[in-house]
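Novice: compute the structure for the input listed below.
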Amino acid sequence: MNTQGKKAPVCAKRDHIHTEHGVERYDPYYWLRDKENQEVIQYLNDENEYTSQVMADTQNLQDSLYEEMLARIKQQDESVPYFKNDYWYYTRFEEGKEYPIFCRKKGNLKNEEIVLLNVNELAEGHAYYQIGGLSISEDNDWIAYSVDTQSRRIYTIYFKNLTTGEVSEQAIANTTGSAVWSANNDIIFYTTKNEETLRSDTIYRYTRSSSESVLVYHEPDEAFYAHIHKSKSRKYLIIGATSTLTSEYRFVEANEPTQEFRLFQSRVRGMEYGIAHFQDHFYILTNWEAKNFRLMKCGLEHTDRSNWQEEIPHRADTLLEGMDLFNDFMVLEERSKGLTQIRIKQFSAATDYYMRFDDETYTAGTSVNPEYNTQILRFGYTSMTTPSSTYDFDMATQEKTLLKQTEIVGGYDSSAYDSKRLYITARDGVEVPVSIVFNRKFPPSANTPLLLYGYGSYGHSMDPYFSSLRLSLLNRGISFAIAHIRGGEEMGRSWYDNGKLLNKLNTFNDFIDIADYLVNNEYTSTKHMYAMGGSAGGLLVGAVMNMRPDLWNGIFASVPFVDVVTTMFDESIPLTTGEFDEWGNPKDKEFFDHIMKYRPYDNVEEKDYPNILVTTGFHDSQVQYWEPAKWVAKLRDLKTDNNILLFKTEMEFGHSGASGRFQRIKEVALEYTYLLSLEGITS
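Specialist: Numbering: from 1, shown residues only. From the prediction side, this is the model:
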């Protein structure tokens with residue numbers, strides 16, 4: 001990378017002052033919000049051009065990394081088939097093709113293949129093409145599928161006749177992408193989004209033969225999102241209204257889709273629950289008087305919580321995350337000591353056991369299990385040294401069969417790598433887990449570069465996982481670590497509660513304390529320490545960069561949520577109202593004062609910062625492009641160092657980046673090249 005003779009863009013300042021709670025915030029880059037303004041487009045293009053110029057002498061490395069990572073991917077590949085309603089379903093990829101081909105076979109895997117959708121053909125002529133959901137009618141004759149071509153997660157639903165292969169002229173725009181068939185093969189249900197806030201708030205019943213949509217449910221509370229699904233039994237259609245802290249469900253029999261949905265249990269602030277139909281009752285997974293959740297049960301007619309009976313009690317040391325039901329078995333997904341567990345209970349016997357896994361740090365979870373009448377559980381497994389693996393597990397004999405492990409083309413020897421689980425004591429005495437992986441040829445030391453990844457929000461657990469792309473770092477002596485910080489749910493519900501709202505500073509302090517530990521114990525040094533995060537993880541790295549700029553040689557921020565205060569005051573921005581239970585509503589001065597302590601954009605100061613690479617998508621509907629754009633502009637204006645700050649906006653994409661499987665690798669190649677260049681590694 002070379003900045004000599006290259007002038008970084010300078011973003012124009014235009015006076016704008018926010019005044020909240022008597023506090024004035026000067027925001028000279030507020031004008032970048034105007035997406036239609038050609039000056040905004042020009043600024044983003046100027047930043048892209050500057051990034052291209054600075055990275056020009058690394059193009060060979062970018063290309064070689066891309067080819068190297070691409071070469072590890074088995075291009076002609078196929079998923080493990082699963083059986084549902086008389087058909088085997090699977091997805092396959094063809095050599096050199098970006099997109100999947102969705103297929104099925106009737107009855108037996110030896111029968112003729114039926115192509116449901118060839119996304120490569122559908123995507124022709126589109127810079128971005130994403131399938132949001134596929135849903136097959138109960139008579140197996142129709143498929144409803146949804147498409148997003150703008151990368152804003154706004155989908156149009158189409159219908160294809162699987163007998164004739166013809167796609168109907170009917171199309172339903174502005175949906176979440178999910179289509180749910182009733183038992184009547186002429187009726188589906190779908191959810192639409194508010195056109196301004198993109199909140200999923202309204203559910204319609206659509207009759208295909210008449211092209212008529214009828215309003216079924218509207219969610220007026222701006223903190224809630226509406227959705228609909230079908231029970232595993234296929235007997236019930238279930239409408240959910242959920243927020244960060246509260247949930248509510250309604251249901252109707254799938255063979256009576258025009259009837260009114262019945263309320264299961266009215267919403268109570270702070271009470272979450274989910275329901276699953278099984279035979280003559282419902283199971284309820286709930287946090288009602290149970291922070292780590294418990295399992296309840298009730299009949300089909302009387303479903304409010306006064307009728308719930310406890311099946312599995314609350315445990316302070318174990319988070320109950322999910323369940324799957326079979327005729328003879330109940331499968332529970334739990335989390336203990338930060339690691340995922342799969343528990344098997346047999347209805348007709350006292351059998352109750354946990355599956356055993358040998359890795360020190362790993363991730364395991366149930367997979368696609370649409371049928372009741374089986375004793376075989378499909379589950380997935382991965383670790384930081386184990387490629388993603390799909391197993392069938394006989395719940396009666398406890399025999400495990402590996403069906404597929406992601407092939408690393410060219411060979412992969414797991415013994416060449418080592419992964420460890422560390423527990424770091426944070427400043428308040430709490431032990432925080434860290435998962436780390438490295439190539440045994442390059443054991444951690446003060447001279448070893450280390451990339452520390454984190455998220456820490458929404459109760460989303462950032463579990464250890466394998467990445468074939470990551471091998472390009474490990475094989476060049478870069479260690480990789482995941483910080484399981486508070487704000488996630490790795491250590492139970494309290495882990496989440498202690499990392500949000502007025503406890504949010506714990507998230508950033510945990511990350512900093514982990515970095516300090518890794519430096520002090522010579523896993524790396526500040527000259528070789530890097531931090532990476534995306535979306536809310538971008539907020540994380542933006543905040544810790546302000547708090548401790550001395551800790552990092554480089555920061556990677558992808559689609560970063562960095563303009564927290566301004567966004568949380570603007571309820572017209574997509575997702576804002578649903579975020580109040582995560583960050584707090586800044587209209588309340590207590591929350592405003594707390595957010596002001598860590599907000600990355602407003603806290604940028606005149607001081608030295610590390611090297612920084614920021615990426616975003618122009619069509620991002622979750623974190624609007626102007627947040628990172630404003631942040632970068634302010635950093636350019638105030639930072640006092642000569643370190644390299646680069647900003648790249650993908651003008652065709654949104655929050656999730658490119659839609660094609662190979663195009664995404666180019667984005668990773670850019671990030672890896674930036675890091676390797678800072679380390680002086682050129683090949």
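
Novice: contact partners of stretch 43-57?
Specialist: Residues from elsewhere that reach stretch 43-57 (Cβ atoms under 8 Å, 6 or more residues apart in numbering): 1-3, 6-9, 11-12, 32, 62, 618, 625, 629, 632-633, 644, 646-649, 651, 670, 673-674. (C-beta placed from N, C-alpha, C; glycine too.)

Novice: now the strands: where do they sit in the stretch 1-150 of the chain?
Specialist: With DSSP state E, counting those that start in this stretch as the definition, the stretch 1-150 of the chain shows strands at residue ranges 17-20, 23-26, 77-78, 82-84, 87-93, 101-106, 114-118, 130-136, 142-148.

Novice: pick the most deeply packed of the ones you listed.
Specialist: Using mean count of other Cβ atoms under 10 Å, the stretch among the strands of the stretch 1-150 of the chain with the largest mean neighbour count is strand 142-148, at a mean of 22.

Novice: circling back: how about JSON lines for the strands of the stretch 1-150 of the chain, with mean pLDDT added?
Specialist: Written out in JSON lines, the entries for the strands of the stretch 1-150 of the chain read as follows (pLDDT from 0 to 100):
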{"stretch": "strand 17-20", "mean pLDDT": "95"}
{"stretch": "strand 23-26", "mean pLDDT": "95"}
{"stretch": "strand 77-78", "mean pLDDT": "94"}
{"stretch": "strand 82-84", "mean pLDDT": "95"}
{"stretch": "strand 87-93", "mean pLDDT": "96"}
{"stretch": "strand 101-106", "mean pLDDT": "97"}
{"stretch": "strand 114-118", "mean pLDDT": "96"}
{"stretch": "strand 130-136", "mean pLDDT": "92"}
{"stretch": "strand 142-148", "mean pLDDT": "95"}
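
Novice: closest to Lys400 out of these?
Specialist: Judged by Cβ to Cβ, the one of the strands of the stretch 1-150 of the chain that comes nearest to Lys400 is strand 82-84, at 17.2 Å.

Novice: where does pLDDT dip in the stretch 101-250 of the chain?
Specialist: Of all residues in the stretch 101-250 of the chain, none has pLDDT under 70.

Novice: repeat that for the stretch 551-683 of the chain.
Specialist: 574-575, 653-659.

Novice: show me the contacts for the residue most central in space within the chain.
Specialist: Nearest residue to the geometric centre of the chain (Cα atoms, centre = their mean): His460, 8.2 Å. The neighbourhood of His460, defined by Cβ under 8 Å, 6+ apart, consists of Gly488, Glu489.

Novice: next one, pLDDT for it please.
Specialist: On pLDDT, His460 comes in at 94.

Novice: in the protein, which spans are helices?
Specialist: Read by DSSP state H, the chain holds these helices, from start to end of the chain: 38-54, 59-71, 119-122, 471-474, 493-497, 505-520, 536-547, 564-569, 580-583, 589-598, 626-638, 663-678.

Novice: looking at those helices, which is buried most?
Specialist: Most buried of these by mean neighbour count (mean count of other Cβ under 10 Å) is helix 536-547; its value is a mean of 26.

Novice: can you get me a residue count around Glu310?
Specialist: Residue neighbour count, defined by other Cβ atoms under 10 Å, stands at 14 for Glu310.

Novice: for burial, what's the neighbour tally of the closest residue to it other than its chain neighbours?
Specialist: Counting by Cβ to Cβ, 6 or more residues apart in numbering, Met296 is the residue found nearest to Glu310 once chain neighbours are left out, at 5.7 Å. By other Cβ under 10 Å, the residues close to Met296 number 21.

Novice: of the contacts of stretch 43-57, select the buried ones using a PyMOL command.
Specialist: Only the buried members of these end up in this PyMOL selection, burial being decided by 16 or more other Cβ atoms under 10 Å:
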select buried, resi 1+8+9+11+32+62+618+625+629+632+633+644+646+647+648+649+670+673+674
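
Novice: which residues are in contact with the closest residue to Leu501 other than its chain neighbours?
Specialist: By the measure of Cβ to Cβ, 6+ apart, the closest residue to Leu501 outside its immediate chain neighbours is Gly584, 5.1 Å from it. Counting by Cβ under 8 Å, 6+ apart, Gly584 touches Leu501, Leu502, Met568, Glu590, Phe591, Phe592, His594, Ile595.

Novice: if you set the cut-off to 10 Å instead, what comes out?
Specialist: Lys500, Leu501, Leu502, Lys504, Val564, Met568, Glu590, Phe591, Phe592, Asp593, His594, Ile595 (Cβ atoms under 10 Å, 6 or more residues apart in numbering).

Novice: JSON lines for those residues, including distance to Arg234?
Specialist: Rendered in JSON lines, the data for these read as follows (distance: Cβ to Cβ, whole Å):
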{"residue": "Lys500", "distance to Arg234": "37"}
{"residue": "Leu501", "distance to Arg234": "39"}
{"residue": "Leu502", "distance to Arg234": "44"}
{"residue": "Lys504", "distance to Arg234": "42"}
{"residue": "Val564", "distance to Arg234": "43"}
{"residue": "Met568", "distance to Arg234": "41"}
{"residue": "Glu590", "distance to Arg234": "47"}
{"residue": "Phe591", "distance to Arg234": "44"}
{"residue": "Phe592", "distance to Arg234": "48"}
{"residue": "Asp593", "distance to Arg234": "51"}
{"residue": "His594", "distance to Arg234": "46"}
{"residue": "Ile595", "distance to Arg234": "45"}
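
Novice: and which of those is nearest Pro433?
Specialist: Of all the contacts of Gly584, the one with the least separation from Pro433 (Cβ to Cβ) is Lys500, at 18.3 Å.

Novice: quick one, what contacts Ala483?
Specialist: Under the contact definition (Cβ under 10 Å, 6+ apart), the residues listed for Ala483 are 422, 424, 432-436, 452-456, 462, 507, 510-515, 518, 531, 533, 537, 540.

Novice: no, scratch that, I was asking about Tyr87
Specialist: Pro81, Cys103, Arg104, Lys105, Lys106, Gly107, Asn111, Ile114, Leu116, Ile136, Asn140.

Novice: the same query, at a cut-off of 6 Å, please.
Specialist: Neighbour list for Tyr87: Arg104, Lys106 [criterion: Cβ atoms under 6 Å, 6 or more residues apart in numbering].

Novice: for it, list each beta-bridge partner.
Specialist: Applying DSSP bridges to Tyr87 yields these beta-bridge partners: Lys84, Lys106.

Novice: for Glu121, see how far away the residue nearest to Phe662 when sequence neighbours are not counted is.
Specialist: Setting aside the residues directly before and after it, Phe662 is nearest to Glu98 in space (Cβ to Cβ, 6+ apart), at 5.7 Å. Glu98 sits 12 Å away from Glu121, taking Cβ to Cβ, to the nearest Å as the criterion.

Novice: isn't Pro28 up against Cys11?
Specialist: No. Judged on Cβ atoms under 6 Å, Pro28 makes no contact with Cys11 at a distance of 8.5 Å.

Novice: tell me which stretches of the stretch 351-500 of the chain form strands.
Specialist: All strands of the stretch 351-500 of the chain, identified by DSSP E, counting those that start in this stretch, fall at 352-354, 362-366, 376-383, 389-394, 400-405, 417-425, 431-439, 450-453, 479-483.

Novice: tell me which of the ones you listed is the most buried.
Specialist: Here the criterion is mean neighbour count by mean count of other Cβ under 10 Å, and of those the winner is strand 479-483, at a mean of 25.

Novice: direction included, what does that strand pair against?
Specialist: In the sheet, strand 479-483 lines up with strand 431-439 (antiparallel), strand 450-453 (parallel) (DSSP bridges).

Novice: columns distance to Phe159 on top of the strands of the stretch 1-150 of the chain, output as CSV?
Specialist: Shown next, in CSV, are the strands of the stretch 1-150 of the chain (distance: least, Cβ to Cβ, whole Å):
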stretch, distance to Phe159
strand 17-20, 47
strand 23-26, 50
strand 77-78, 26
strand 82-84, 19
strand 87-93, 18
strand 101-106, 15
strand 114-118, 12
strand 130-136, 10
strand 142-148, 6
